[in-house]
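>>> Structure for the following, please:
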Amino acid sequence: MTPHRQLPPTTREAEIARGSRQVLARYAGTDRPLTLRLADGEEERPIELPTGAVSLLAHVLEAMAAGQGVTLVPEHAELTTVQAADVLNVSRPYLIKLLDEKAIPHRRVGTHRRVRMEDVMAYKGAVDREREEVLDRLTREAQENGMGYDRS
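Below you'll find the predicted structure:
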């Protein structure tokens, strides 16, 4: 399965997502499947969703309600450099530099590079942790130097 990207919703789609999310949220925390009844004109058909899908759908609707686009990527997927750059919100040339520096593992398929989603997310997590540590240190230093930050 390849990544699926849904662009940011329209205002109407965000409103629908908000309402659907509120209803679905009541069921997202349960440990049992959820049966939905789909109605299309005269036809009504029940479908059963596994618990993981209910939770995932709730998160998708939450993002859409906030006006955000959503990308679904299977956990063991291999991404193109364009897709990996999108996930990291960096340019493709910058991603290529990271790959060449071996900051993120990858493999070559002919002349193309492929990057595992797990490796992209591991790199992103490491960068996020490092950023948090730097911000914590700067905040601590600002507090120690009385630069207007209270220790409360």
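>>> contacts, neighbours, all on C-alpha from now
Noted.
>>> Let's test this: mean pLDDT of stretch 131-139, rounded?
In this model, stretch 131-139 carries a mean pLDDT of 92.
>>> how far does that stretch sit from the chain's center?
23 Å (C-alpha atoms, centre = their mean, to the nearest Å).
>>> buried residues in it?
Within stretch 131-139, the residues scored as buried using 16 or more other C-alpha atoms under 10 Å are residue 139.
>>> I'd like the numbering to begin with 47 instead of 1 from here.
Yes, from this point I'll number from 47; that puts the last item at stretch 177-185.
>>> how about that stretch as PDB, C-alpha atoms only?
Output of stretch 177-185 as PDB, limited to C-alpha atoms (Å, rounded to 0.1, in the frame of the first residue of the first chain):
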ATOM      1  CA  ARG A 177      14.800  20.600  19.800                       C
ATOM      2  CA  GLU A 178      12.900  20.100  23.100                       C
ATOM      3  CA  GLU A 179      16.200  19.800  25.100                       C
ATOM      4  CA  VAL A 180      17.600  23.000  23.500                       C
ATOM      5  CA  LEU A 181      14.400  24.900  24.300                       C
ATOM      6  CA  ASP A 182      14.400  23.600  27.900                       C
ATOM      7  CA  ARG A 183      18.000  24.600  28.300                       C
ATOM      8  CA  LEU A 184      17.300  28.100  26.800                       C
ATOM      9  CA  THR A 185      14.300  28.600  29.100                       C
END
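>>> which other helices and strands contact the longest helix belonging to the chain?
What stands out as the longest helix in the chain, according to DSSP state H, is helix 163-190. Under the contact definition 3 or more C-alpha pairs under 8 Å, 6 or more residues apart in numbering; DSSP states H and E, helix 163-190 sits against helix 127-134.
>>> need the next SSE after the helix it packs on, C-terminal direction.
For helix 127-134, the following helix or strand on the C-terminal side (DSSP states H and E) is helix 138-146.
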